[in-house]
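Participant: after the sequence you'll find the predicted model.
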Amino acid sequence: MDVVIYSINKIRGGITQKILERSSIKSILTSRIYELKDAILKYKPNLLVIDSKDTIKNEINLVNQMVIEMGINKVLWLSDPFVPEMIISEVKELLSQEEPANNDSMYENLKQFLNL
Amino acid sequence: MEISKRIVAIVGPKGGVGKTTISANLAIALSNLGKDVIAVDLDLGASNLHTIFGLKQPKFRLDDFILNKVKSLSDIVCETHLKNLGIICGGDIPGIANLDYNKKLKLIRNLSDLKGDFILLDLGAGASNNVVDFLIIAKEGLLITTPEIPSLLNVYSFIKTMIFRRLNLQFKKNNAIIELLEQAKDFNANPHLKTMEGFLTYAKEIDVEASKSIEKILDNFKSIIIVNRVKSEQDANSGKVIQNLMSQYLNIKTSTIRTIREDNNVQIAIAKMKPVILHAPESLFAKDMNIIARKLL
Ligand SMILES: Nc1ncnc2c1ncn2[C@@H]1O[C@H](COP(=O)(O)OP(=O)(O)O)[C@@H](O)[C@H]1O
Ligand SMILES: [Mg+2]
């Protein structure tokens, strides 16, 4: 699974999933925080697409926290205007980006800088 | 000095990593937990702690103490709207950043005499003696960094500078150890002294007592690495990198890591001249700050 989508709006969520599917990007759609959490645990997606429209601030904070705690590096936040073409191009862009350097290489980098 | 009192230095050798924001809000969080707190603006070059509290024209400033207008530091503690929180506002005399030795000693003595459960020192950037020495007297440090490499590098270098200065002060009269410290500074020429472990091995051969007290100094240095402005798990993990470096090369095994998330409520609160923890008590920043305060008790 490449992408997990979170949207409490079934229509917007559904459209997002469809346009990803058209580009052969597999995704799963969730509309509750606990579903989102389960999906992240189960599929370890490369990218989360979070639709913040109609989502209350508390929920956004919760999602934010989860993203950090669960180690998701790539998140695309959607709000208005809802433009499917833009979503697909941003998703592709994010999925093609290299993973950020991991801890070990950061450690090695710092050691080199410090001449250790 | 009362046993219960703790002086905590807020250190962040890179500018703009959040020292002042954290000092102010941690002070509030601790006072909310019922502690008597004084936050002291020791950023001698660019003081701004009072602005976070919305104090436009502080009644007293550190200048008043430095210029001997008052007898003791406790005379210039400004009240805040919180009952058990006082602040000492920074000075704005040009050249104050180059505090001379005697003035610094007097300041240090007065800091130790302040009354309270927690004395928080908001320090300036850089790793000059005027910054490093305050961490040495505090004995506890919150090392503030952002997840970026330049800041992480600065934190490590700062701690190393601090340890070396601490040891130099301690062993002023011990020529053999001073000599070894000198050699360790150039570890390309002396690779056997690259790690503190190596240093201790050689120190032990010269002077067993000294090496024991060095170990004790390292064990007693309490530090909390705070990674501020965290946006991802990856960011949060950057604290471990510093922790590993400190453990591996400086034999400091006692550090812990905390994180504070990026939160635009911080900017919003600054614009309102109100500490973010009061302005947005439910914000991510406030939550993380409260956790840090609770764990500090
Ligand atoms: N967790 C955070 N989220 C967002 N902005 C932050 C955070 N921490 C600090 N900042 C911002 O960073 C800037 C520098 O902070 P400051 O506390 O003045 O740093 P320092 O005292 O280390 O120079 C300020 O504009 C502050 O609003
Ligand atoms: Mg500052």
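Facilitator: Looks like it arrived, so ask away. Quick caveat: nothing in here was measured; it's all calculated off a predicted structure. Residues are numbered from 1 along each chain as shown, chains lettered A, B, ... in the order given. Ligands and ions are numbered 1, 2, ... in the order given.
Participant: any chance you could map the strands in the stretch 1-150 of chain B?
Facilitator: Under the criterion DSSP state E, counting those that start in this stretch, the stretch 1-150 of chain B carries strands at the ranges B:6-11, B:37-42, B:78-79, B:85-88, B:118-123, B:140-145.
Participant: just the CA trace of the first one, in PDB.
Facilitator: Spelled out, it's strand B:6-11. The C-alpha atoms that make up strand B:6-11 are tabulated as PDB, following Å, rounded to 0.1, in the frame of the first residue of the first chain:
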ATOM      1  CA  ARG B   6      18.000  24.000  41.300                       C
ATOM      2  CA  ILE B   7      19.700  26.200  38.800                       C
ATOM      3  CA  VAL B   8      19.000  25.200  35.300                       C
ATOM      4  CA  ALA B   9      20.800  26.700  32.300                       C
ATOM      5  CA  ILE B  10      18.900  26.900  29.000                       C
ATOM      6  CA  VAL B  11      21.700  26.500  26.500                       C
END
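Participant: within the sheet, what are the partner strands of it, with directions?
Facilitator: Paired strands of strand B:6-11, with direction, are strand B:118-123 (parallel), strand B:140-145 (parallel) (DSSP bridges).
Participant: what residue ranges in chain A score low on pLDDT?
Facilitator: Low-confidence segments of chain A (pLDDT under 70): A:71, A:98-103.
Participant: for the residue nearest the centre of it, give its distance to ligand 2.
Facilitator: When chain A is reduced to its mean C-alpha position, the closest residue under CA atoms, centre = their mean turns out to be A:Leu48, at 1.6 Å. Applying CB to the ion, to the nearest Å, one obtains 35 Å for the distance of A:Leu48 from ligand 2. C-beta: built from backbone N, CA, C; applies to glycine.
Participant: looks like that residue contacts A:Lys37 (just checking).
Facilitator: No: using CB atoms under 8 Å, A:Leu48 and A:Lys37 do not qualify as a contacting pair, with a distance of 11.2 Å.
Participant: hmm, back to that, can you redo the strands of the stretch 1-150 of chain B as TSV with mean neighbour count and mean pLDDT?
Facilitator: As requested, those are exported to TSV (neighbours: other CB atoms under 10 Å in any protein chain shown; pLDDT from 0 to 100):
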stretch	mean neighbour count	mean pLDDT
strand B:6-11	26	96
strand B:37-42	28	96
strand B:78-79	14	94
strand B:85-88	26	96
strand B:118-123	27	96
strand B:140-145	26	95
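Participant: the top strand by length along chain B vs ligand 2: in contact?
Facilitator: As assigned by DSSP state E, the longest strand anywhere in chain B is strand B:222-230. No: between strand B:222-230 and ligand 2, judged by CB under 5 Å from the ion, nothing touches; the nearest distance is 12.2 Å.
Participant: other SSEs contacting that strand?
Facilitator: Other helices and strands packing on strand B:222-230, by 3 or more CB pairs under 8 Å, 6 or more residues apart in numbering or on different chains; DSSP states H and E, are strand B:140-145, helix B:233-250, strand B:256-261, helix B:284-296.
Participant: helix or strand right after the helix ranked longest in chain B?
Facilitator: Once chain B is assigned using DSSP state H, the helix that runs over the most residues is helix B:149-170. Note on helix B:149-170: by DSSP states H and E, the next helix or strand toward the C-terminus is helix B:175-185.
Participant: what is the following helix or strand past that following helix packed up against?
Facilitator: Where DSSP H and E defines the elements, the next helix or strand beyond helix B:175-185 is helix B:196-206. Judged by 3+ CB pairs under 8 Å, 6+ apart, the packing partners of helix B:196-206 are helix B:175-185, helix B:208-220.
Participant: now distance to A:Met106 too, for the ones you listed, in CSV please.
Facilitator: Conversion of the helices and strands packed on helix B:196-206 to CSV gives the following (distance: least, CB to CB, whole Å):
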stretch, distance to A:Met106
helix B:175-185, 25
helix B:208-220, 24
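Participant: ligand 2 is nearest to which of these?
Facilitator: Distance to ligand 2, taken as CB to the ion, is lowest for helix B:208-220 among the helices and strands packed on helix B:196-206, at 27.0 Å.
Participant: can you pull the buried residues of the closest one?
Facilitator: Taking 16 or more other CB atoms under 10 Å in any protein chain shown as the neighbour-count basis, helix B:208-220 is seen to contain the buried residues B:210-211, B:213-214, B:218.
Participant: from those residues, which is closest to ligand 1?
Facilitator: Comparing the buried residues of helix B:208-220 against ligand 1 with CB to the nearest ligand atom picks out B:Leu218 as the nearest, at 26.0 Å.
Participant: my guess is the closest one contacts B:Ile163. True?
Facilitator: Yes: using CB under 8 Å, B:Leu218 is in contact with B:Ile163, at 7.3 Å.
Participant: what segments of chain A are helices?
Facilitator: Listed in chain order, the helices found in chain A under DSSP H are A:10-22, A:33-43, A:57-69, A:84-96, A:103-113.
Participant: closest to ligand 2 out of those helices?
Facilitator: Across the helices of chain A, ligand 2 has its closest neighbour in helix A:103-113 (24.2 Å, CB to the ion).
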